[in-house]
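1. Could you work out the structure for the sequence below:
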Amino acid sequence: MQHINNQKLVLSALCIALYIVVMMCTQTFAFGQYQIRIATALYGLSALFPFLVLPFGLANMLSNTIMGGLGVLDMVCGGLVGIATTALIVFAKRHGCGNWIVWLAVTFVPGLCVPIWLSVILNLPYWVLASSLLVGQCISGIASFMLVSALERVGVGRFFAFEGGNK
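-> Model (predicted):
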């Protein structure tokens with residue numbers, strides 16, 4: 001049992017680190033008018049490994065802390081949106097939804113929720129921000145869908161001692 005917990009902890013840490021590295025490498029367009037956050041494509045991994053819900057929320061919060069610069073509200077709310085997105089993916093996959101739910105969640109949860117507080121912080125209309133965020137998140141959603149589909153196809157879950165993968 002300890003071996004399984006260690007594997008989950010290590011995979012969680014690797015996913016957090018990967019999220020932050022991808023954000024660092026893509027920050028030139030991850031924080032622009034069209035926020036194309038390729039790192040959020042990693043949220044789809046929660047469809048394969050449900051224990052990644054909280055780690056991806058933490059990863060988003062750390063990323064906003066290190067690179068965001070919009071304050072505590074953006075850090076905390078960004079983390080909560082990461083948790084909400086990955087939790088929706090886990091819930092939907094457990095109830096028989098296909099991988100299309102990954103695209104839907106990664107596109108619409110951040111795309112419609114993040115502008116709620118950004119409109120207050122930046123003093124811009126909600127729909128202006130939502131439309132630009134939805135464009136960027138759609139790209140991440142497609143990438144996430146493709147990632148999860150490819151990993152399921154090769155049976156990534158069988159490489160780990162814990163439950164994950166091809167359900």
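2. Flag the shaky bits of the chain, pLDDT-wise.
-> When residues are selected by pLDDT under 70, those of the chain lie in 1-4, 157-167.
3. Contact partners for the residue nearest the centre of the chain?
-> What sits nearest the mean C-alpha location of the chain, by Cα atoms, centre = their mean, is Tyr43, with 3.2 Å. Residues near Tyr43 by Cβ atoms under 8 Å, 6 or more residues apart in numbering: Phe56, Gly82, Thr85, Thr86, Ile89, Val102, Ala105, Val106, Ser144. (Glycine included, C-beta is placed from N, CA and C.)
4. please redo it, this time with the cut-off set to 10 Å
-> With contact set as Cβ atoms under 10 Å, 6 or more residues apart in numbering, Tyr43 has these partners: 15, 19, 37, 52-53, 56-57, 59-60, 81-82, 85-86, 88-89, 102, 105-106, 109-110, 140-141, 144, 147-148.
5. Among the residues you listed, which ones are in helices?
-> 15, 19, 53, 56-57, 59-60, 81-82, 85-86, 88-89, 102, 105-106, 109-110, 140-141, 144, 147-148 (DSSP state H).
6. so Leu73 is in which element?
-> Leu73 belongs to helix 72-94 when assigned by DSSP states H and E.
7. Please apply the same query to Leu70.
-> Here Leu70 sits in a region with no helix or strand, counting by DSSP H and E.
8. any idea how far Asn64 is from it?
-> When Cβ to Cβ, to the nearest Å is applied, the distance between Leu70 and Asn64 equals 7 Å.
9. what about the two, which has more around it?
-> Looking at Leu70 and Asn64 with other Cβ atoms under 10 Å, you find the greater number of neighbours at Asn64, namely 23 against 15.
10. right, and the more buried one touches Gly71 too?
-> Yes: Asn64 is in contact with Gly71 according to Cβ atoms under 10 Å; the separation is 9.1 Å.
11. dump the residue contacts of the spatially closest residue to Val81 that is not a sequence neighbour.
-> Sequence neighbours aside, Cys113 is the residue nearest to Val81 in space, at 4.9 Å (criterion: Cβ to Cβ, 6 or more residues apart in numbering). The neighbourhood of Cys113, defined by Cβ under 10 Å, 6+ apart, consists of Cys77, Gly78, Leu80, Val81, Ala84, Thr85, Ala130, Leu133.
12. And those, which two are furthest apart?
-> Using Cβ to Cβ, the pair of the contacts of Cys113 lying farthest apart is Leu80 and Ala130, separated by 17.3 Å.
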